[in-house]
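Trainee: Quick one: sequence and predicted model below, then my questions.
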Amino acid sequence: MPKVSGKDGKLYMKHYGTPINGPTAQPIAAGCFYKIVTLGSPTGWPPAAAGMKSVDAGGTFFVKAGFSLKAGDSVLPVTLTPLGFVKDTPKSQQGASFDISTQEDLERGVRSFASSPFTDSSGSITGILDSDSEDQRKFLNMFTEISYTETATISRSPAKQVLVELMLSRRETSTPGETAMWENFPLTADSLTTDKPFEEGQPFTFNYKLNGAEHPSVIFYTVPAASELEKWRGGPTAKRTSWLEESGQSANEGGTL
């Protein structure tokens, strides 16, 4: 294992494109994230590996090799737009247990417990928001009213709490053979703290709770050989939804683990 070098991760806002409904004559573009709306029976999605479960509707998945959708399949292509850089991302996952002790446990002197299948997942994210980002204004709008002044209009957007769908790059890489790691973050922000802004950024810290109904997950994939990697950037959908194209710069070669 090589020495780990820490680098700032990136926080992205998720945006959904036009639904792609099966059956499709051409494979959907590779090198992109997709959110599954519905699954056909049978489905065009690849089968699960041994010992694992198949994809499910509502989840967000990375497509490494294109495939054709079948009747009943429907997906939303995901566009990632940079929201800012992340420095610290502590997260806590707490389960619950229930006392199921009986008289039979008296001799052992230790209570018996059954674990709940549910956990509460919460945490905080600290980083720097991009001052020029439209998504930054949407994010701040959860806690404060935002006004927009244009040449011919002056508008306001009242503060409103909404579900925020983010993606965090834990290890963003384009090097063949390396494993990329992303975290799908559908969350509700509980609080927001901002520090003194500087020319191009706004330091921030926000506390959140993950929303299990929107399928939070950690996504892994191995970057393919250079010849296959080129196909990821070849199609119009791949170019529009690829984080490589959206960031406008080279991918991180370390990541925040």
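Mentor: That came through, no problem.
Trainee: can you give me the mean pLDDT across the helix or strand L76 falls within?
Mentor: Per DSSP states H and E, L76 falls inside strand 74-88. For strand 74-88, the mean per-residue pLDDT is 87.
Trainee: Buried residues in it, which are they?
Mentor: The neighbour-count check on strand 74-88 (16 or more other Cβ atoms under 10 Å) flags 74-86 as buried. From N, CA and C alone the C-beta is placed, and that goes for glycine too.
Trainee: what two of the residues you listed are the furthest from one another?
Mentor: S74 and F85 (34.1 Å; Cβ to Cβ).
Trainee: Show me the helices in the chain, by range?
Mentor: For the chain, the helices identified by DSSP state H occupy 134-140, 226-232, 236-241, 243-247, in order along the chain.
Trainee: Go through these and find the least confident stretch.
Mentor: Taking the mean pLDDT of each of these, the lowest value is held by helix 236-241, a mean of 35.
Trainee: where does this structure dip in pLDDT?
Mentor: Low-confidence regions of the chain, defined by pLDDT under 70, span residues 1-8, 90-101, 103-109, 111, 113-120, 199, 233-257.
Trainee: show me where the chain has strands.
Mentor: Shown for the chain, the strands assigned by DSSP state E span residues 9-16, 20-21, 32-38, 60-63, 74-88, 91-99, 113-130, 146-149, 154-157, 164-171, 179-194, 201-210, 217-222.
Trainee: Tell me which of the ones you listed lies nearest to G44.
Mentor: For those, distance to G44 was read as Cβ to Cβ. The smallest value, 9.7 Å, belongs to strand 74-88.
Trainee: Run me through the strand neighbours of that closest one, direction for each.
Mentor: Partners of strand 74-88 in the sheet, by DSSP bridges, are strand 9-16 (antiparallel), strand 20-21 (antiparallel), strand 32-38 (antiparallel), strand 113-130 (antiparallel).
Trainee: which residues are contacting the third one?
Mentor: Looking back up the chat, that one is strand 32-38. With Cβ atoms under 8 Å, 6 or more residues apart in numbering as the contact definition, strand 32-38 has outside contacts at 14, 16, 19, 28, 45, 55-63, 72-78, 80, 167, 182, 219, 232, 237-238, 241-242.
Trainee: For S122, list each beta-bridge partner.
Mentor: Each beta-bridge partner of S122 is listed here, defined by DSSP bridges: S92, K209.
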